[in-house]
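[1] Attaching a predicted model along with its sequence, questions to come.
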Amino acid sequence: MKHGFFFRYCLQRVGQCLLVIFIGITITFIIPRLAPTDPVESAIATANMSGQYTHPEAVAEIRRALTELYGLEGGIFEQYFNFWKRLLKADLGPSYSSFPTPVMDLIRRSLPWTVGLLLTSAFIAWAIGNLIGGLAGYFSQRGWARTLGVFCMAIRPTPYYIMAFVILALFAYILPIFPLSGGLAIGVHFSFTWRFITSLLKHAFLPSLSLVIVSGGAWFLGMNSLVSNIVSEDYVVYAEMGGVSNRNILFRYVMRNALLPQVTGLALQLGMIFNGALITEYVFSYPGLGYLTYNAVFSGDYGLIIGIAIFSIIGVALAILIIDLAYPLFDPRIRHR
Amino acid sequence: MMSKLRGKFLLVMVVCIIATWTVLPAFAAEKMLEVAPGVLRHETLILENPTGRCENPDNFNRWAPGMTTYSTGLQQLALDTLWYIDPDAGISTPWDNSLAATKPIYNKDFTKMTAKLRRGIYWSDGVEFTADDLVYTVETCMAHPGVLAYGANFEVFVDKVYKTDDYTVVFELKKPNSRFHGLFTVRWSACFIMPKHIFEKVEDPVAFNFNPPVSLGPYVLKDYDKAGNWFLWERREDWQRTSLARYGMPQPKYALYINPGPSDKRVMAQIKHDLDVIHDIAPEGMITLAKKNPTSKGWFKGFPWAHPDPTLPALILNNERYPLNIKDVRWALTLLIDIVDVSLASYKGAATISAIAVPPTGGYLSWYFDSMEEWLGDFTLDIDIDGKPFHPYDPSATLRIAERARKDLGDIGSQVPTDPAEIKKALGYGWWKHAPDVAEKLLLRNGFTRDKAGKWLLPDGTPWKITIAVEGPARPIMTRGGTMIAEQWRKFGIDAKPVVIKLLWQSMSYGDGDAFMAWCIETWGGHPDLFWFLESWHSDYYKPSGEPVVFKNPMRFKNAELDTIIEGIQGLDFNDPKCLELGLEYVKVCVEEMPLIPLMSYNVFTVCDEYYWEGFPTFENPYTNPVPNWANSKYMFTMIRPKTVE
Amino acid sequence: MISTIKNLYEHDRRFRFAFIVIIGIIIFSSLSFFSPYDPDSSYDVPSDQSPSIKYFFGTSSRGQDIFWKMTFAIRNSLLFGISTALLSRIISILVGLTAGYKGGIGDRILMSINDSFIVIPILPLLILFNFIFQEKMSLFLLSLIMACLGWAWDARLIRSQVLSLKEREFTRTAVYSGMKSLPITLKEHLPFVMPIVFATMINNMLWSMGLEVSLAVLGLSDINTPTIGTTIYWANQHQALVAGVWWWIAAPIAISTLLFIGLYLLFASLNQYIDPRTRLLRMGG
């Protein structure tokens, strides 16, 4: 691969990545504004619904004052322009539902929870799923491999909400081993103490378990079928005939070849971490980004929706960029023309 | 060789799995004796904060927009204002002079209100509460109208506010307002008093966080979760210097407001005795608790358990939409509802139903329901059935609900009352007859027709379609009720469909839809005055569809007779007995016109666990509303007693 | 066609199992046309009855016979999954093949659009679409929207498969022997692409049906149409899990699990059948 060519390829890819980010952000700017959600009306409706008295003559004044305060005056283009101006200074503006808390603050508070939970779970699930999946694919005629296969197939279509809830009920209620909800025990704050760490692990265990089971099952099935395809390739057959040990065949040839698409998948999944895990966080009351998104959408808080979406868009776009850049290195068959 | 490899891997796997499953639980299992370090479980009352997770838990500025921590204990335990009206009987009377020493004093034409304040009340930082705080609160909110809570209201009415001495404040009003004190009277909430000595040092009172909140109530904030899931309050050393001290010492040393997660988890948490007061759950959850946890107690001893809030869920019809603008059509739709099925579907029968446009709770049973019963029995629709005028009122509906519930509930069916007088109090007085034949006549005489398949057509021959907006999982009970009503209409041949509208309150505000399962009638519960919500029904404030409504008239109902009633109430003192008379007239107008179809009170399954604490308010001992996000739930803290736990 | 099925049925145990299960589920869902109850009607039977001879899957707290309700639910979910998958397959094959084949500037434009669809977070977007359409939101519209959102990653896979095929020897042979690029794509490459299409098809069905359940749990699906998701939604509205009405949840899970095992095995066995390598083997042997 020539140096100049690779450089040009990279530049092209990076340009495309930036373009994709731009389009993505623009779309997430526009769509919430098409929906009939309006942070001002939402604030008034919330006050109204919760039984706060407002004199009829005062309503118009509240509407006017909040519109001004939220900076929602002016046309959509003006808002769009201001939005980019702020964004380039890494300012996502205020959240409307939690006015005037900056969107950045809200995200910063939730982000570590989501990233911690999802990152660990993704890696564990990936490692376990692929390892067992590879073994099961290689020894596909064995009883245990088939049983596991059926188990994973059964897990996948089970609605995640139900599975998470059953896990919670089993291990937090019927066998009260783990806590029912939250990210930390009451009274525990962030610090490098044994109490903090155990509390963190204890609270993260069940949500993480539910995620590992689901995505581990998916990796298992993927790896399983990849390996069983590769096993029938000529070079494996020759290797077997040539008396190469099972272990060497499995790990040196088969798994290594099958891992490529799985690594791609992992990269994408890591990029998607910023989407949060809405249902997980809802069931386990875990204080992450997913739940934040849910609330943002329902309170018509565009500021927050766009803020979270931007993280996600950048995360996924970067993952794709990395995959694209790394692919030619791994797979010499693909050369860009 | 193969088996060796397999063996090795399986071994590693098994060891890993066993290790995770044994090591983690080993330090996971511990009985909760302490809620947090040093906070003993039996000294703590744990309550549900129905707001859920607070996204900006650092902001305790109750007056600022966008704050979400109001029911974390803040408005219940740390803030205070002049007056409280309890939706039930109240700790002495429903009316309580909290920070005020007397009831509000008005001049003759209601252009001036004087508030006398209590002496000897102190903020938790040792500064005395005086008239300056009240004047400052009003002036600050007025300086930011529309942004700080109640500021816009003050701007409309307050001409001048000043103190005449440290314990007397005078409000001079721009125009007469006999209900001005309502702004400082807690129903669910009200305008609370700001600490002047804190806020005056702040540059921007809108952006100010008020953290930690300086408390005027008996508790101070001890600790809270940066992720917004829990808030821990500790009783003040000098709790005697607060207004609540009149009723004795608040018993729990600590109060913990938590986000317990979805409804199923609240049930589990209470069975584990980790949640003393549940705000609300689905009726099935209540039934599970009644079966599984003998210490769980609702408002009623047995069925229907729930506390009827002074709020009236109704089918709010858009009176501007054709054909809902026709009175006969609204009545026909009412007569097509079988309330027994609606009650069973929504609340499993545990609803307190109402045929009239006030909620059947608190003092309203005797003020309105007893007074109206005879009139309702005599009331006829102007349509003849078999040559006789049709009487739509059906006092036996609740008896049928009780009977059905008794059958449906199986082994705990015996908890359903059998005494008709008791049924009346718990399940409501009666409702409208299920009379499809009359509905048919009402529609036919307005030119509606049926097509060959039996589907109803509008007078112009097009199919009649109607949607009922419901909120979905956010409000299961009403979604279930609305779906049932749609089904009943559909069975009659009307193309009715329930739709989940997440932004129901916004849609309703703009009149974007036919019918909404929601509420717009909210009363004091402990006081017969209706002005609170009724004022905005006056045609002066009428807004057509497409423009957002002001406050509580989403039906867009306009009626000259009603205007006279509202103006009448406006000219009377809050406590004038004539207000009740006018209130009854309002009820009659609503029966005649049926602008919205009243269904039931908002029954809240607030379940208290008598495991660590006892003496929670109940129907027999209705000293306050137990619903834990209501600011008046503070009275509960002085009345409950610790229970010795073995 | 029939002989192929017969052949597979006789020789492949996976196919046999899958075939029986799927036929069973299709029969089950077509029973909905003979249901004694209207799917919109409630309180037709006593509520909360556990499974018995009379009520095969028990009855729900809404007084509905779950057996008959499930026939509708499975039918609608299946139609939903299939239509979403088919529609999105059409888009992804078109985009993937075109981009892979054209290369150059066309490829870059297509891939930029494609990647933009990948990066936009879907769940918030679906919720917002729900707000935009409000009561007009039907299951079919949802399927259309999801098809429009769910094709991009698969188009990428197809494109990269085409790219790698282009490098293979037989493509060059075809090019040198004067074949046009379109016939090459259709004749030589589509068979290699089809296994991916099939594999992504089942994944897409899983994805769309799973997302439908998530949306329904959040109350964002059309609650009037019985599907697997709305069944769970209604069970949740009545707290079936805590109230001990487990059969209300168990029935949709059991049936959808069977359905997916069936689909998975079917596609696995079809894949093997279509895979050019194994086909060559079969032809040779």
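    Received the coordinates, thanks. Owing to the predicted nature of the structure, the values given are computational and were not obtained by experimental measurement.
[2] can you list the weak-confidence ranges in chain C?
    Low-confidence segments of chain C, defined by pLDDT under 70: C:1, C:274-285.
[3] Can you tell me the element the spatially most central residue of it falls in?
    The geometric centre of chain C, computed from its C-alpha atoms, lies nearest to C:Met205 (C-alpha atoms, centre = their mean), at 1.9 Å. Taking DSSP states H and E as the criterion, C:Met205 maps to helix C:190-217.
[4] Next SSE downstream of that helix?
    Following helix C:190-217 toward the C-terminus (DSSP H and E): helix C:228-237.
[5] which residues touch that following helix?
    For helix C:228-237, contacts defined as C-beta atoms under 8 Å, 6 or more residues apart in numbering or on different chains pick out A:159, A:161-162, B:282, B:473, B:476, B:479-480, C:60, C:62, C:69-70, C:73-74, C:77, C:209, C:212-217, C:219, C:221-223, C:241, C:245, C:248-249, C:251-252, C:255-256. Glycine gets a C-beta too; all of them are placed from N, C-alpha and C.
[6] Kindly supply the PyMOL command isolating those of the residues you listed that are buried.
    Only the buried members of those end up in this PyMOL selection, burial being decided by 16 or more other C-beta atoms under 10 Å in any protein chain shown:
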select buried, (chain A and resi 159+161+162) or (chain B and resi 282+473+476+479+480) or (chain C and resi 60+62+69+70+73+74+77+209+212+213+214+215+216+217+219+221+222+223+241+245+248+249+251+252+255+256)
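[7] In this structure B:Lys116 contacts B:Thr102, no?
    Yes: counting by C-beta atoms under 8 Å, B:Lys116 touches B:Thr102, with 4.8 Å between them.
[8] Which of the two has more residues huddled nearby?
    The residue with more neighbours, out of B:Lys116 and B:Thr102, is B:Lys116; 18 against 13, by other C-beta atoms under 10 Å in any protein chain shown.
[9] any idea which helix or strand carries that one?
    Per DSSP H and E: strand B:112-116 holds B:Lys116.
[10] moving C-terminal of the helix or strand containing B:Leu534, what's the next helix or strand?
    Per DSSP H and E, B:Leu534 falls inside helix B:531-534. Using DSSP H and E, the helix or strand that follows helix B:531-534 in sequence is helix B:560-570.
[11] Sort out which residues of that following helix are buried, please.
    Those buried within helix B:560-570 under the rule 16+ other C-beta under 10 Å are B:562, B:565-566, B:569-570.
[12] And these, which is closest to C:Arg159?
    Set against C:Arg159, the nearest of the buried residues of helix B:560-570 by C-beta to C-beta is B:Leu562 (67.5 Å).
[13] got a list of what the residue of the stretch 101-250 of chain A found nearest chain C touches?
    Going by C-beta to the nearest C-beta, chain C is nearest to A:Pro157 of the stretch 101-250 of chain A, at 3.8 Å. A:Pro157 sits next to C:206, C:209-210, C:253, C:256-257, C:259-260 when contact means C-beta under 8 Å, 6+ apart.
[14] run the last query once more with 10 Å
    Under the criterion of C-beta atoms under 10 Å, 6 or more residues apart in numbering or on different chains, the neighbours of A:Pro157 are C:205-206, C:209-210, C:213, C:228, C:252-253, C:255-261, C:263-264.
[15] Please name the nearest non-neighbouring residue to it.
    C:Phe260 (3.8 Å; C-beta to C-beta, 6 or more residues apart in numbering or on different chains).
[16] residues near the one you found, how many?
    Neighbours of C:Phe260 (other C-beta under 10 Å): 23.
[17] same deal with B:Asp576?
    B:Asp576: 14 neighbours (other C-beta under 10 Å).
[18] ok, it - contacts?
    Counted by C-beta under 10 Å, 6+ apart, B:Asp576 has contacts B:178, B:529, B:569, B:582.
[19] Secondary structure element holding it?
    Going by DSSP H and E, B:Asp576 is not in any helix or strand.
[20] Give the bridge partners for B:Met113, please.
    Counting by DSSP bridges, B:Met113 forms beta bridges with B:Tyr106, B:Phe171.
[21] what number of residues lie near it?
    22.
[22] Check the gap between it and B:Pro528 for me.
    Distance, B:Met113 to B:Pro528, by C-beta to C-beta, to the nearest Å: 21 Å.
[23] Could you look up the SS state of residue 161?
    Using chain A. Three-state assignment for A:Tyr161 (DSSP: H, G, I helix; E, B strand; the rest coil): helix.
[24] Actually, chain B is the one I wanted.
    B:Val161 ends up strand, using three-state DSSP.
[25] what does C:Ser77 give?
    With three-state DSSP as the criterion, C:Ser77 reads helix.
[26] what separates the closest residue in space to B:Ala306 that isn't next to it in sequence from B:Glu610, distance-wise?
    Nearest in space to B:Ala306, with sequence neighbours left out and distances taken as C-beta to C-beta, 6+ apart, is B:Asn603 at 3.7 Å. Here the criterion is C-beta to C-beta. By it, B:Asn603 lies 21 Å from B:Glu610.
[27] likewise B:Arg480?
    29 Å.
[28] In terms of helices and strands, where is B:Arg53?
    Counting by DSSP H and E, B:Arg53 is part of no helix or strand.
[29] about what we covered before: the residue nearest to A:Pro157 and A:Met153 touch, don't they?
    Yes: under the criterion of C-beta atoms under 10 Å, C:Phe260 makes contact with A:Met153 at 6.5 Å.
[30] State the number of residues packed around residue 132.
    Looking at chain A here, since you left the chain open. 23.
[31] I was thinking of chain C, sorry if that wasn't clear
    15.
[32] my guess is B:Ile597 is in a helix, correct?
    No: with three-state DSSP as the criterion, B:Ile597 is assigned strand and is not in a helix.
[33] where does the closest residue to it other than its chain neighbours land in three-state SS?
    Residue nearest to B:Ile597 in three dimensions, not counting chain neighbours: B:Leu315, with 4.1 Å by C-beta to C-beta, 6+ apart. Of the three states, B:Leu315 takes strand under three-state DSSP.
[34] Which pLDDT value goes with B:Leu315?
    Per-residue pLDDT puts B:Leu315 at 97.
[35] And for B:Phe9?
    53.
[36] Just the buried positions in the longest helix along chain A, please.
    The longest helix of chain A (DSSP state H) is helix A:194-231. Buried positions in helix A:194-231, judged by neighbour count with 16+ other C-beta under 10 Å: A:199-200, A:202-231.
[37] do the same with stretch C:98-109
    Applying 16+ other C-beta under 10 Å to stretch C:98-109 flags C:98-101, C:107-108 as buried.
[38] Next: stretch C:167-181.
    So for stretch C:167-181, counting by 16+ other C-beta under 10 Å, buried means C:171, C:174.
[39] any bit of it sitting next to chain A?
    Yes: against chain A, stretch C:167-181 shows contacts by C-beta under 10 Å from any C-beta of the partner chain at C:167-168.
[40] does any bit of the helix or strand harbouring B:Asn153 sit next to chain A?
    Assigned by DSSP H and E, B:Asn153 falls within helix B:151-157. Yes: residues of helix B:151-157 contacting chain A under C-beta under 10 Å from any C-beta: B:151-157.
[41] mind checking how far stretch A:14-33 is from the chain centre?
    Between the centre of stretch A:14-33 and the centre of its chain there are 18 Å (C-alpha atoms, centre = their mean, to the nearest Å).
[42] meant to ask about stretch B:602-622, not that
    Distance, centroid of stretch B:602-622 to centroid of chain: 16 Å (C-alpha atoms, centre = their mean).
[43] Give the buried residues for that stretch.
    Using 16+ other C-beta under 10 Å as the test for burial, stretch B:602-622 gives B:602-613, B:615-619, B:622.
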